[in-house]
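Visitor: predicted model, plus sequence, below.
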Amino acid sequence: MMSLIIMKNIIHKCWLSLASVSCFGITVAETVDQEQRPNIILFLVDDMGWQDTSLPFWKEKTPYNEIYETPNMERLAKQGMMFTQAYASSISSPSRCSLMTGMNVARHRVTNWTLEKNKTTDLESDLLQLPDWNYNGICQVSGINNTYQVTSLPQILKDNGYHTIHCGKAHFGAIDTPGENPYHFGFEVNIAGHAAGGLASYLGEDNFGNRTDGQKNLFAIPGLEKYWGDDIFVTEALTIEARKAMDHALRLEQPFFLYMSHYAIHIPLDKDKRYYDKYIRKGLSENEAAYAALIEGMDKSLGDLMDWVEANGQQENTIFIFMSDNGGLASSSHWRSGELHVQNYPLNSGKGSAYEGGIREPMIVSWPGKVVSQSKCDNYLVIEDFFPTILEMAQIETYETLQPVDGISFVPLLTTGSGNPSKDRCLYWNCPNIWGNTGPGIGVTCTVRENDWKLIYYYDSGKKELFNIADDIGERNNLATIYPEIVTRLSTELGSYLREVGGQRPSFKATGKPCPWPDEI
């Protein structure tokens, strides 16, 4: 049985300190009234790449920044801090499970996307026997096979006085398991969230993929029947419902946590007619114009939520966190036009890849009175860090979790206090699975990043790639043969960590023997 792990974040004891008092390495900017805990809006986008925005997260604007129009991301960045090296997993479910639990993907073992109970989504391999991973996802009860029992982020927030709202994509657990529904994780409101990792249709006139002949569509969006048959895009419908939920939250006189988890900009590339023609006039292909329109529709939603916050006098007491769950799709000629694997330039590859294009995400945080406006942070962090960070933001001082929490609060990075949690820290990824499409860095891999160095290990071939990300953001120059001592050190770090947290690895079908750990080859 899993032991109960008590997580006590003593930093919160400092929140009542006077202005400019340094406590545990963090400078407290002002006295905080414990009765005025902030509202928190976590705005998560699906499959949004680092370059899918007019806001440049690199040192210079790129052609993609010139194409896309995201004025509200720019608006949010003016109010807060951009993070240029924010990381997630390269696939949806692993990232979302890490977000909800604070656990590294190697520990919770939801290492590929989930869908149906007791069914793996891995592609078959002639060479490898893939591990028996947690394809049923996460949940908050015991006794469910191929799942990890946890205490979720919204559950802790709810138990500590927050009104918790889920809006949009969930993707925490498989269909017909307890984790299929956001209510199970402590959300008091669930708007259109279910177990599927994508959507059948963005279009109200298509009933968002729901069939009227009695047949089931696993990817049909539930709970928006009032919009069936209407000329409305699901991104807009979700935003309308989220604003209604926040209206109700104000009447409750509780701080609220809104997890605004858009289905956009995941495929299919349905045409958002509000913006599509504009991008056709810019000379984009039909697919690329539809993709750009999905992005701008998502950005309009962000602006609508920001407008609501301002109109209701909540701007000084509301935190916005903007993030994506994995890199942009760059490996499918059916959905993307032109040369593949370059859609996240200057990053290499995209969704499903261990390269930066698969795991580096656009991220912005606005926290009035705490975060300096128009600021930028170049330190790295990873998506499991959101768990302790949000709880610290919510001034939740002591909490208990069933699971170990691997994430580290990045509040010091936000408040420009001392004690950089990224300094000399290793970030780890494990993907002992076969996701789907092929492309650079897409494979059965595990990865470690330490400061500027990044090592990728391929389980099937034993190949190792070493990159200096600061000098080679596009990961074009494999330095493994030039710096063998760094390869050895990082291989030891990675192999030791995976063993420590119970990470999984595939086996060779021909021999039945497991693939070597990175420090065994």
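Guide: Yep, it's here. Numbering: from 1, shown residues only.
Visitor: just give me the neighbour total for residue 52.
Guide: Using other Cβ atoms under 10 Å, the number of residues around residue 52 comes to 29. The way it works is simple: take the backbone N, C-alpha and C, and place the C-beta from them, glycine included.
Visitor: show me the contacts for it.
Guide: 64, 68, 265, 295, 328, 362 (Cβ atoms under 8 Å, 6 or more residues apart in numbering).
Visitor: do you have the strands of the stretch 51-200 of the chain handy? List them.
Guide: 81-87, 128-129, 138-139, 148-149, 163-168, 189-191 (DSSP state E, counting those that start in this stretch).
Visitor: need those in JSON lines (columns: mean pLDDT, mean neighbour count and distance to residue 155).
Guide: Output for these, formatted as JSON lines (pLDDT from 0 to 100; neighbours: other Cβ atoms under 10 Å; distance: least, Cβ to Cβ, whole Å):
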{"stretch": "strand 81-87", "mean pLDDT": "98", "mean neighbour count": "23", "distance to residue 155": "24"}
{"stretch": "strand 128-129", "mean pLDDT": "98", "mean neighbour count": "18", "distance to residue 155": "36"}
{"stretch": "strand 138-139", "mean pLDDT": "98", "mean neighbour count": "27", "distance to residue 155": "11"}
{"stretch": "strand 148-149", "mean pLDDT": "98", "mean neighbour count": "20", "distance to residue 155": "12"}
{"stretch": "strand 163-168", "mean pLDDT": "99", "mean neighbour count": "26", "distance to residue 155": "8"}
{"stretch": "strand 189-191", "mean pLDDT": "98", "mean neighbour count": "22", "distance to residue 155": "14"}
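Visitor: so for residue 313, which of those sits nearest?
Guide: Residue 313 sits nearest to strand 163-168 of all the strands of the stretch 51-200 of the chain, at 17.4 Å, using Cβ to Cβ.
Visitor: what strands line up against the closest one, and which way round?
Guide: Sheet pairing for strand 163-168, assigned by DSSP bridges, gives strand 189-191 (parallel), strand 256-261 (parallel).
Visitor: could you export it as PDB, CA atoms only?
Guide: Extracted in PDB, the C-alpha atoms of strand 163-168 (Å, rounded to 0.1, in the frame of the first residue of the first chain):
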ATOM      1  CA  HIS A 163     -14.300  26.800  -5.400                       C
ATOM      2  CA  THR A 164     -12.900  24.600  -8.200                       C
ATOM      3  CA  ILE A 165     -14.000  24.800 -11.800                       C
ATOM      4  CA  HIS A 166     -13.000  22.600 -14.700                       C
ATOM      5  CA  CYS A 167     -13.700  23.800 -18.200                       C
ATOM      6  CA  GLY A 168     -12.600  21.900 -21.400                       C
END
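Visitor: quick one, what contacts the residue nearest the centre of the chain?
Guide: Taking Cα atoms, centre = their mean, the centroid of the chain lies closest to residue 325, which sits 2.7 Å from it. For residue 325, the contact set (Cβ under 8 Å, 6+ apart) comprises 44, 45, 46, 47, 88, 89, 92, 95, 96, 99, 361, 383.
Visitor: from these, which ones fall inside helices?
Guide: Judged by DSSP state H, the contacts of residue 325 include 92, 95, 96, 99 as members of helices.
Visitor: residue 171 is in contact with the third one, correct?
Guide: Yes: under the criterion of Cβ atoms under 8 Å, residue 96 makes contact with residue 171 at 5.4 Å.
Visitor: what is the neighbour count of the nearest residue to the residue nearest to the centre of the chain once chain neighbours are set aside?
Guide: Using Cβ to Cβ, 6 or more residues apart in numbering and skipping residues adjacent in sequence, the residue nearest residue 325 is residue 95, 4.3 Å away. Residue 95 has 28 neighbouring residues, counting by other Cβ under 10 Å.
Visitor: gap between residue 93 and residue 171?
Guide: From residue 93 across to residue 171, the span is 5 Å (Cβ to Cβ, to the nearest Å).
Visitor: what residues are shared contacts of those two?
Guide: With Cβ under 8 Å, 6+ apart, residue 93 and residue 171 have common neighbours 113, 114, 197.
Visitor: and which of those is nearest to residue 447?
Guide: Taking the shared contacts of residue 93 and residue 171 together and measuring to residue 447 by Cβ to Cβ, the closest member is residue 113, at 18.2 Å.
Visitor: roughly how far apart are residue 458 and residue 445?
Guide: 6 Å.
Visitor: those two: which has the busier surroundings?
Guide: Between residue 458 and residue 445, counting by other Cβ under 10 Å, residue 445 is the more crowded of the two (23 against 17).
Visitor: give me the nearest residue to that one, chain neighbours excluded.
Guide: The nearest residue in space to residue 445 (Cβ to Cβ, 6+ apart) is residue 354, at 4.5 Å.
Visitor: name the element the one you found belongs to?
Guide: Residue 354 belongs to no helix or strand when elements are defined using DSSP states H and E.
Visitor: buried stuff in the longest helix anywhere in the chain?
Guide: Longest helix in the chain, counting residues (DSSP H): helix 286-311. Across helix 286-311, burial judged by 16 or more other Cβ atoms under 10 Å covers 287-306, 308-309.
Visitor: and the pLDDT at residue 214?
Guide: Per-residue pLDDT puts residue 214 at 85.
Visitor: thinking again about what came up before, ok, the residue nearest to residue 445 - contacts?
Guide: By Cβ under 8 Å, 6+ apart, residue 354 lies in contact with 90, 429, 431, 441, 442, 443, 445, 447, 456.
Visitor: go on, residue 331?
Guide: Here residue 331 is in contact with 340, 341, 349, 350, 351, 352, 353, 437, 438, 439, 442 (criterion: Cβ under 8 Å, 6+ apart).
Visitor: can you say which of these are buried?
Guide: Neighbour counting with 16+ other Cβ under 10 Å marks 340, 341, 349, 350, 351, 352, 353, 437, 439, 442 as buried within these.
Visitor: count of neighbours near the closest residue in space to residue 356 that isn't next to it in sequence?
Guide: Once flanking residues are discounted, residue 356 sits nearest to residue 347: 4.2 Å by Cβ to Cβ, 6+ apart. When neighbours are counted by other Cβ under 10 Å, residue 347 registers 28.
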